[in-house]
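Colleague: the sequence and its predicted three-dimensional model are supplied below.
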Amino acid sequence: MKAAVVVFPGSNRERDMAHALRLVSGREPAMVWHGERDLPAGTDLVVLPGGFSYGDYLRCGAIAAHAPIMEAVRIHARKGGLVMGVCNGFQILCEAELLPGILLRNASVKFLCRDVHLKIERSDTPFTRGYNAGQVIRVPVAHGEGNYFASEGTIGRLEAEGRVLFRYTDAEGKRDPKWNVNGATNAIAGVLNEKLNVLGLMPHPENHVENAVGCTDGRGLFAGLVAHFAQAA
Amino acid sequence: MKARVTVTLKNGVLDPQGKAIEGALKSLGVAGIASVRQGKVFDIELEGGDAARAETTLREAAEKLLANTVIENFRVEMTPAGAPAEPAAS
């Protein structure tokens, strides 16, 4: 799997992401500066990492969404290439209209830095084939704007088309306002585009890939991606 | 030529920041405030003197970047010629 991690001014999770990709795939990802106009030839997966691109000026991800590299990301997505945005990367994908909706300020108005439980809604996507549908994983969140919002029509469409991939739940996969940490509509933590090749999620699976941090629940996402490309090859 | 673009949250969109400000005003003892919704104001200077063209430019700016129309509305106002750039401080 050839991965490219896009680095924006203000990204700060790109090295965590690169570490997870390297650890699980055994291959060094390319780090691509936002001012570039092309992705490395043969890129399979583009990752937009977490952070505070452009200091979250205007709206989170709004400026980064128009960075020079984003045209190449758009073309990659249009051709069916995989794109994954985590945290600020999710916000950027929404602002770039590669994903519907927007991430609003957390309902609590507080920055959240904690572990959450996520229910995997389906396993038949390249991003979740390393898990079972209905499985619950524990991963960290660290964000101030993760409250997913979209028009009623859009939410209805996302749900009907099975495009909600991750939801905030308790450890057993039960939904409850108490576990919907940021107040997201329908406890949505991650969504897919129509073609299921672009994913945005607020939590950080890249931070739970090693025993040293006490949890490896995030590993399945990367292992699944590696398996996806191994099968495609 | 000068103009102002005002971006406001659509009705029904939760505004936790506005709510927090509302709460802070109450705790400061500022009486009589029913509710607060937070928005953004952009003061923009334009090249040239064609008002119609300026308005088109500003609408494009608002749609492409200044506002996210999933959650926000925007309003474009041209500052009349000769008007002070900033409201006079009292």
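Modeller: Here it is on my side, so go on.
Colleague: report the longest helix in chain A, please.
Modeller: Looking across chain A with DSSP state H, the single longest helix is helix A:219-232.
Colleague: could you pull up phi and psi at A:G35?
Modeller: phi -80, psi -10 (degrees, to the nearest 10).
Colleague: and it, what does it touch?
Modeller: A:67-69 (C-beta atoms under 8 Å, 6 or more residues apart in numbering or on different chains). Where C-beta positions appear, they are placed from N, C-alpha and C, glycine not excepted.
Colleague: output the contacting helices and strands for the longest helix of chain A.
Modeller: Under the contact definition 3 or more C-beta pairs under 8 Å, 6 or more residues apart in numbering or on different chains; DSSP states H and E, helix A:219-232 sits against helix A:14-25.
Colleague: ok, and what's touching the helix it packs on?
Modeller: Contacts with helix A:14-25, where a contact means C-beta under 8 Å, 6+ apart, come from A:1, A:3, A:5-7, A:27-29, A:31, A:47, A:49-51, A:86, A:204-207, A:209-210, A:218-219, A:222-223, A:225-226.
Colleague: spell out which residues of chain B are next to chain A.
Modeller: Contacts of chain B with chain A, taken as C-beta under 8 Å from any C-beta of the partner chain, map to B:13-14, B:16-17, B:19-20, B:64-66, B:68, B:70-71.
Colleague: who's in contact with A:A65?
Modeller: A:92-93, A:95-97.
Colleague: now the residues of chain B next to chain A: which count as buried?
Modeller: Among these, those buried by neighbour count (16 or more other C-beta atoms under 10 Å in any protein chain shown) are B:14, B:16, B:19, B:65-66, B:68, B:70-71.
Colleague: please flag which of these sit within helices.
Modeller: Filtering those for membership in helices, criterion DSSP H, returns B:16, B:19.
Colleague: sorry, back to before: A:V139: which of the contacts of A:A65 is nearest?
Modeller: A:L93 (18.4 Å; C-beta to C-beta).
Colleague: right, and the closest one touches A:L201 too?
Modeller: No. In this structure, A:L93 is not within contact of A:L201 by C-beta atoms under 8 Å, at 10.0 Å.
Colleague: the more surrounded of those two?
Modeller: A:L93 (31 against 27; other C-beta atoms under 10 Å in any protein chain shown).
Colleague: give me phi/psi at the more buried one?
Modeller: Torsion angles, degrees, to the nearest 10, at A:L93: phi -60, psi -40.
Colleague: distance of it from chain B?
Modeller: Remark: distance between A:L93 and chain B (C-beta to the nearest C-beta, to the nearest Å) = 13 Å.
Colleague: list the contacts for that residue?
Modeller: A:48, A:61, A:65, A:83, A:85, A:99, A:198, A:200.
Colleague: show me the shaky parts of chain B.
Modeller: B:81-90 (pLDDT under 70).
Colleague: all helices for it, in order.
Modeller: B:16-27, B:51-61.
Colleague: give me the contacts around the last one.
Modeller: Residues outside helix B:51-61 that contact it (C-beta under 8 Å, 6+ apart) are B:1, B:3, B:5, B:44, B:46, B:48, B:76, B:78.
Colleague: many thanks, we can stop here.
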